[in-house]
Structure formats: structure tokens, C-alpha cells
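Participant: Let's see this in three dimensions:
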Amino acid sequence: MGAQAKCEICDFQSHYLAEHLKQVHALSVEDYLTRYPDSGVVSDTLMTEWESQGQFRREPPPMPEALRLVFAGASFPVNVDVPEDACLPLPDYYMIPTDDALGRDVHHAAVALANHRSMYIWGMPGSGKDAFFHAWSALTRSPAKPFPIQPGLDIQSWFYSRTFSATSTMWEEGELLTALRDGYKSPISGRVIPYLILLSDMDRADPRSQTEALRLIMDSISGRIKGPRGETYKVLPGTRIVATGNTSGSGDPRGRMISANSIDAAMFDRFERKFEFHWMGWKDEEKIAIQKFPFLAEQYPDCFREVGASTTALREAIKLNTLYGEFSHRAVCAWLGHAQDLLLSGEPKKNLLIKAAKAFLDGLPDEASKLTAQRLIDPSLSGGAI
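Facilitator: Numbers count the residues shown, from 1 in each chain. The predicted model follows:
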């Protein structure tokens, strides 16, 4: 019947490789084509036969300008003319949350992004606030610039600063001013594309010097921004201005985020959308954890169930203020990562999670919090109490 499709892994040949890939290599057609994008799983002969019977119709690929991506339930164009280095990097092992409260949170944020709304996203450490925007930028190839806020940073220089030469002084426009006004020009097509501006840790801004400088950004939402000589520039239409923080703009009542400040109410109100990001549900988080710690998943798969039950108990206690501390995804990774390290170093599986828990328990603020956490996770761990 003519040339057959050839398996790139083992040289097996057939007119249709799907069953072979599944039975021999435990791969779906999609996973196989991801690894070997230039290969085929159907022979030309069989494809012609299918077409002649009306069972299959070849469709041309969409034009580049028609490419779209559904991200967290909202549809976005994909900018194929924007190189990767103009976007924010995709976080390792990122997965769009779909379960529990965070799944709903990211959907609301995605709808706001699709409609070019300014946003303030807040939530506990490790709830994926910045990661959400990084993933969106990377996957849709949308140009973006991050501006992390740090105590003592001269934010005014983001807009403009005074420079000196041998004969005179002059004004130099800053990175944020040019991004808001000029956007990003594709080196491939020459098209001008509005930026996503990400202000990380906005609730860390000093209420006077830094916040007042950021007032310019808030004013830019209406489409204007001031230059160094008082001139007014128009912000490129479509520019997205988003900010993240650990608090809802009024400080942290728990006292854990000691560098968080209240945000001026008039400025805070300028954000068109405000959303809280909750911690990821374990159904989603477990999938990421298994990818991050494959050796542990292979040798001790039950540990993820035990860590999941412990995570749920710890976060509920933190939410109710009966545990003074944090237990973010970073803490989950610290626990599972140390368990994998111990296993790789020759430690037996017996009491492995009990021993590995030291990696996050010792980071709690005091002995009372440590004891409370131990009592919360003891019922979920096999092998006895910590």
C-alpha cells in the first residue's frame, strides 16, 4: 500500500501509529507530536483513502494573524511577531488553575485582561499572582515589562532623570515612560503592540515618595502621562497596567507582612478591577508537585495524598488565624523537595515525611506555631506523630 508512517523512537512502521505509540511507548499522539513535530502518525496512503471516503478533510493552518489562545477561559490573540525575549518568562511547571477558588479567581482576571482593564491582584504569598501575568505574557507572546517595587528605590527614574554631559545637563526619558507612550515595535513585522506593565509588590511602596511617583501611572489609565518638562503624552491605547500585592491595599492586619503599607484610597480606586487570589486547590497543586518531584512520585506515590491532607489542614488554620505562619506552594515544595533529597541520599521511606517536615516547620515564627502545625499534620501522616 505504499510508504508507511515510521515511529521515530523505535523505527516501527505502520499506516497508523496511534495504537503502537500507546501500547509500546505509553504516549498519546499529542505527546508524540510534541516531541517529534516533523513526524507523522498516518501514512499518505491511508490519508488519501480517508479523504476519498469523506472521513477526513485536510484543513489549512490558520493565518498567523488569526491565531488565538484560550487562557483561563478567555480568548486572546497570539502575537507571532513578538520574540520570546520581549515577553515575561513562563514559570517552570506552570499550570492554569481550574479547581476551587483560585480557578475562579484567574478566570475573572483573564476576562479583565481580555478587555484591557487595569487590575490590582492581591493574595497570600505563593498564590500565583505574578506567575499568572508571566504565563499570560509568555503563552500569548504579549510584550511586557516588570517593575518590582523595593524599599528605597528611586521610582521617579522610571519616568525620567537628569543626566549630565561635559557642557550641559539634560533630561533622559525612563523605561516606563517610553513603554507607556511608545509601546513595543516588533522587529519582525514593524507592528506597534501595547505593553503589559506589571507593578510587583505595590503595597510595599513608600506612602510618600514612591507612591506619589506611582500616581503618574495611575493617571496614565485615563490615557495621559507627564513628561520631564511638564509636557503631556498620550498613553498607547490598549496598554494594560496591572499591580500585585500581598494585602488588599489597607495593610496586613495579621502583622506578617511588616513591609506592606496602606495604599492611598484615591489611587487604589483608579484600578478598574480588584481581585483576590486564593491558594491553589490540592487537586491542581498535586499535578504540579508530581512533575517537580518525579523520583519521589515514583518511589513513594502515597506521600502526595498525605501532604495534600496536611496542606489543607494547615491552610485552613492559617485562614482562621489559629496558626501564625504561612504555608504557600513554596512551603509545599520545601517539604516534598527535602523528602526527595532524603530519599536520594539513602533514607528509608518509613517516616520520610515526618523527617522532611523539618524543612518547613523550622521556618515558622515561634515554638507555639511549630507545635500547632505539628498537631495539624500528625493525623495525615503515616508512621506516627512528629
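Participant: Could I get the CA-only coordinates of stretch 136-155 as CSV?
Facilitator: Output of stretch 136-155 as CSV, limited to C-alpha atoms (Å, rounded to 0.1, in the frame of the first residue of the first chain):
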residue,chain,number,x,y,z
TRP,A,136,-0.2,35.0,30.0
SER,A,137,2.6,37.1,28.5
ALA,A,138,4.7,34.1,27.6
LEU,A,139,1.9,32.0,26.1
THR,A,140,0.2,34.8,24.1
ARG,A,141,3.5,36.4,23.1
SER,A,142,2.4,39.7,24.6
PRO,A,143,5.3,42.1,25.3
ALA,A,144,5.5,43.0,28.9
LYS,A,145,7.8,44.9,31.3
PRO,A,146,8.0,44.1,35.1
PHE,A,147,8.7,46.9,37.6
PRO,A,148,9.2,45.4,41.1
ILE,A,149,8.8,47.9,43.9
GLN,A,150,11.5,47.8,46.6
PRO,A,151,12.0,50.0,49.7
GLY,A,152,14.3,53.0,48.9
LEU,A,153,14.1,52.5,45.1
ASP,A,154,14.0,55.8,43.1
ILE,A,155,10.8,55.2,41.2
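Participant: would you say residue 162 is within a strand?
Facilitator: Yes - residue state for residue 162 (DSSP: H, G, I helix; E, B strand; the rest coil) corresponds to a strand.
Participant: What separation is there between it and residue 360?
Facilitator: Distance of residue 162 to residue 360, given as Cβ to Cβ, to the nearest Å: 48 Å. Every residue, glycine included, has its C-beta placed from N, CA and C.
Participant: Between those two, which is the more surrounded one?
Facilitator: Taking neighbours as other Cβ atoms under 10 Å, residue 162 and residue 360 compare with residue 360 leading, 23 against 10.
Participant: How about the secondary structure of the more buried one?
Facilitator: Here residue 360 is helix, with the state taken from three-state DSSP.
Participant: Spatially nearest residue to residue 201 (excluding sequence neighbours)?
Facilitator: Distances taken as Cβ to Cβ, 6 or more residues apart in numbering place residue 149 nearest to residue 201, at 4.9 Å, with adjacent residues excluded.
Participant: OK, contacts around that neighbour?
Facilitator: Residues in contact with residue 149, defined by Cβ atoms under 8 Å, 6 or more residues apart in numbering, are 155, 199, 200, 201, 202, 204, 205, 210, 214.
Participant: the strands in the stretch 51-200 of the chain, which residues?
Facilitator: Assigned by DSSP state E, counting those that start in this stretch, the stretch 51-200 of the chain shows strands spanning 68-71, 74-77, 119-123, 144-148, 160-164, 169-173, 184-185, 192-193, 196-200.
Participant: do you know which of those strands lies nearest residue 28?
Facilitator: When those are compared by Cβ to Cβ, strand 68-71 sits nearest residue 28, at 19.9 Å.
Participant: how about low-confidence regions in the stretch 101-250 of the chain?
Facilitator: For the stretch 101-250 of the chain, residues meeting the criterion pLDDT under 70 lie at 219-222.
Participant: let's go with 50 and repeat that
Facilitator: Within the stretch 101-250 of the chain, no stretch falls below the threshold (pLDDT under 50).
Participant: what ranges do the helices span in it?
Facilitator: For the stretch 101-250 of the chain, applying DSSP state H, counting those that start in this stretch gives helices covering 129-140, 175-182, 209-220.
Participant: ok, now the stretch 251-386 of the chain?
Facilitator: Going by DSSP H, counting those that start in this stretch, the stretch 251-386 of the chain shows helices at 265-268, 282-292, 294-299, 303-319, 329-344, 352-356, 358-361, 367-377.
Participant: Residues touching the longest one, excluding its own?
Facilitator: Helix 303-319 is contacted from outside by 124, 279, 282, 285-286, 289-290, 296-297, 323, 325-327, 332, 335-336, 339, 352-353, 372-373, 376-377, 379-382, using Cβ under 8 Å, 6+ apart.
Participant: Tell me what angle it forms with helix 282-292.
Facilitator: Orientation check (axes from the mean of the first three to the mean of the last three Cα atoms, to 10 degrees): helix 303-319 against helix 282-292 gives 130 degrees.
Participant: What is the distance between helix 303-319 and the centre of its chain?
Facilitator: 22 Å (Cα atoms, centre = their mean, to the nearest Å).
Participant: That helix: which residues count as buried?
Facilitator: By neighbour count with 16 or more other Cβ atoms under 10 Å, helix 303-319 contains the buried residues 303-304, 306-315, 317-318.
Participant: related to what we said a few turns ago, pipe the helices of the stretch 101-250 of the chain into TSV and attach distance to residue 101 per row.
Facilitator: Formatted as TSV, the helices of the stretch 101-250 of the chain follow (distance: least, Cβ to Cβ, whole Å):
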stretch	distance to residue 101
helix 129-140	14
helix 175-182	33
helix 209-220	28
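Participant: Could you identify which of those helices is most buried?
Facilitator: helix 129-140 (a mean of 22; mean count of other Cβ atoms under 10 Å).
Participant: contacting residues for residue 21?
Facilitator: 7, 27, 28, 29, 32, 41.
Participant: how far away is it from residue 329?
Facilitator: Separation of residue 21 from residue 329 (Cβ to Cβ): 33 Å.
Participant: again with residue 350
Facilitator: Applying Cβ to Cβ, the value for residue 350 to residue 329 is 27 Å.
Participant: Same check on residue 276?
Facilitator: In this structure, residue 276 and residue 329 are 16 Å apart, going by Cβ to Cβ.
Participant: how close does residue 41 sit to residue 52?
Facilitator: To residue 52, residue 41 is 19 Å away according to Cβ to Cβ.
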